[in-house]
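# Sequence first, predicted coordinates after that:
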Amino acid sequence: MYSNELNNNNRINHIGTSLFGLLIIFLAAVINDLPIQIYLGTLGSSPVWLVSLFSFIIIIIQCGFRLHLDELSKSFLVYYLLTLTISSLQCIWYYFVEGVIINKFGGIIFSKLLFASSYYLFYFLFIYSAIYFSRALKASQFKKCILSITFLLITVLCIEFFWPNILILFHMTMDGYGAGSRLRLLSPEPSMAAFTFNIFMLLTIALCYSKILKIIIWVIILSANILIGSKASLLLIMSSGVLVFYFNMSLLQKIKSLIIIIPIVIGVSYVIFNTVLPALAVDVEKFTSVSTRLITALWAIISLIYYPLGEGYGTYGSYFIDPLYSAINLAEHFLPFSPNLSEVEKMLTTGESLAAKSGVLFAIVQSGFIALIFFILVYFRSFRSIRESKMELSMKLMLRMTLWYSLLSVLFAVNIETLYAFLLPFITVEYFRNNY
């Protein structure tokens, strides 16, 4: 009798610890602009590195120093180890050929190697810890973790709109805040804020059953993205919805869907012609980011030809020059407007902000075809898991939509260095694949 009671208490304690652990990990994922990054670098902008590392150590000790890998975390671990090995060999080769361990801009290639690769190490630790904690939880408890962070983000949105200075402890700088300024929640820039917010909102819609709550959340998504000033995110959500329903339809349904799709296309076209294209013209004229995004996207594609295994975590600061110049020449010859090269030239002369303006594309720059294959497999596996699971149809549709939104965003719109929210759809799909 006493033994059964003790076992029940241990089980309750384990569930409580797992619930708390998962909640803290999800909370850490939405914070990515901490002032401590001044001392720790970009990695220190989010507490995920500390939370996931601490959680991983506790889990390993609890499991008797045995690593119980699920398929998702194994994929990220293999990718990290493989790309780290290849990049290490590239650094060694660079040293023997050049005779120095310093790149063109004075950076030590081996320190660059460790720092740039560490993001993927912490992706693995984040996923492994989150999945381990979620195994002890019921579906209702897992949903509460998502809903709690969703409610927190809505609260932060309201606080930031009325009293932004309250959030000063969560930002490296408050520059840019003021009347009419774009909101950024707990992120360094609006695009990251919109992505993080939308991921949690879409997951909440997928996991809740109340139709009224779903409608309210859709209204909140629309309002929040307007306040954040992210029209691109709304377009990506719309595109994701169209893709989901298109791939889920029979031929007859696709024909009938034209009744819905045609008004959507008209609406999207209106937004593009009246908002996006004027913004693009202003962007080109005012030397902002569109030209840089286009050229760095070309850089990533051309880099596959120059360096099929990638330019390396430590050596891309030296190897990027030829592919980037080729991208510039290509852009100047084929773009219908004259691209502004101010940001790109700054990359070439100082090495500052040297990155493709997209998570997947920058991974391709660093790791070549390995990165391309990795992201294809990870997303394909999640889509397949949704298809093969026994989840309700509405839940499947919303999870597919969330995955499509995540994929389109990391492919075209946002960087993923400390954007841990892009891992949440994978974790959610993995949980419900094993618990339905």
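Cool, the structure landed.
# and Phe247, how many neighbours?
11 (other C-beta atoms under 10 Å). C-beta here means a position set from N, CA and C on the backbone, and glycine is covered the same way.
# With Ser358 instead?
22.
# per-residue confidence for it?
With respect to pLDDT, Ser358 scores 83.
# let's have the chain start at 414 instead
Noted, 414 is the first residue going forward, which turns the last one into Ser771.
# So what does it look like in phi/psi?
Note on Ser771: backbone dihedrals following degrees, to the nearest 10 are phi -160, psi 140.
# measure it to Leu785 for me?
13 Å (C-beta to C-beta, to the nearest Å).
# Kindly report the same for Ala826.
For Ala826 relative to Leu785 (C-beta to C-beta), the value is 18 Å.
# Between those two, which has more neighbouring residues?
For Ala826 versus Leu785, neighbours defined as other C-beta under 10 Å are more numerous around Ala826 (20 against 17).
# these two touch, right, that one and Phe608?
Yes. With contacts defined as C-beta atoms under 8 Å, Ala826 counts as touching Phe608 at a distance of 7.3 Å.
# what is in contact with these two at once?
Here Ala826 and Phe608 have Ser646 as joint contacts, going by C-beta atoms under 8 Å, 6 or more residues apart in numbering.
# Show the contacting residues for the closest residue to Asn445 other than its chain neighbours.
Computed as C-beta to C-beta, 6 or more residues apart in numbering, the closest residue to Asn445 that is not its neighbour in sequence is Ser459, at 4.1 Å. Residues near Ser459 by C-beta under 8 Å, 6+ apart: 441-442, 444-445, 447, 831, 833.
# And Ser459, its phi and psi?
Dihedral angles (degrees, to the nearest 10) for Ser459: phi -120, psi 140.
# Just the residues contacting stretch 713-726, thanks.
Taking C-beta under 8 Å, 6+ apart as the rule, stretch 713-726 contacts 496-497, 499-500, 503-504, 507, 525-526, 529-530, 729, 732-733, 735-736, 739-740, 743, 769, 771, 774-775, 777-785.
# Please state the offset of that stretch from the chain centre?
Distance of stretch 713-726 from the chain centroid (C-alpha atoms, centre = their mean, to the nearest Å) equals 21 Å.
# Can you tell me the closest non-neighbouring residue to Met585?
Counting by C-beta to C-beta, 6+ apart, the residue nearest Met585 is Pro448, at 4.9 Å.
# before we move on, the earlier item: so which of the contacts of stretch 713-726 are in helices?
496-497, 499-500, 503-504, 507, 525-526, 529-530, 729, 732, 735-736, 739-740, 743, 774-775, 777-780, 782-785 (DSSP state H).
# avg pLDDT for stretch 428-447?
Stretch 428-447 comes out at a mean pLDDT of 92.
# Please apply the same query to stretch 707-722.
On average, stretch 707-722 scores 88.
# List the buried residues of that stretch.
For stretch 707-722, burial by neighbour count (16 or more other C-beta atoms under 10 Å) applies to 707-717, 720, 722.
# between the residues you listed, which is nearest Ser653?
Ala710 (19.9 Å; C-beta to C-beta).
# The closest residue to the closest one other than its chain neighbours and Val827, how far apart?
Sequence neighbours aside, Leu774 is the residue nearest to Ala710 in space, at 5.7 Å (criterion: C-beta to C-beta, 6+ apart). To Val827, Leu774 is 11 Å away according to C-beta to C-beta.
# Kindly report the same for Ile438.
20 Å.
# And Ala710, by the same measure?
Relative to Val827, and taking C-beta to C-beta, Ala710 is found at 13 Å.
# who touches both of the two?
Ser771.
# tally of neighbours for Pro787?
No, residue 787 isn't Pro; it's Phe. 21.
# tell me the contacts of it?
Contacts of Phe787 by C-beta under 8 Å, 6+ apart are 488, 492, 776, 780.
# Contact partners for the first one?
Pointing back at Ser488 there. 787, 790-791, 794.
# Many thanks, we can stop here.
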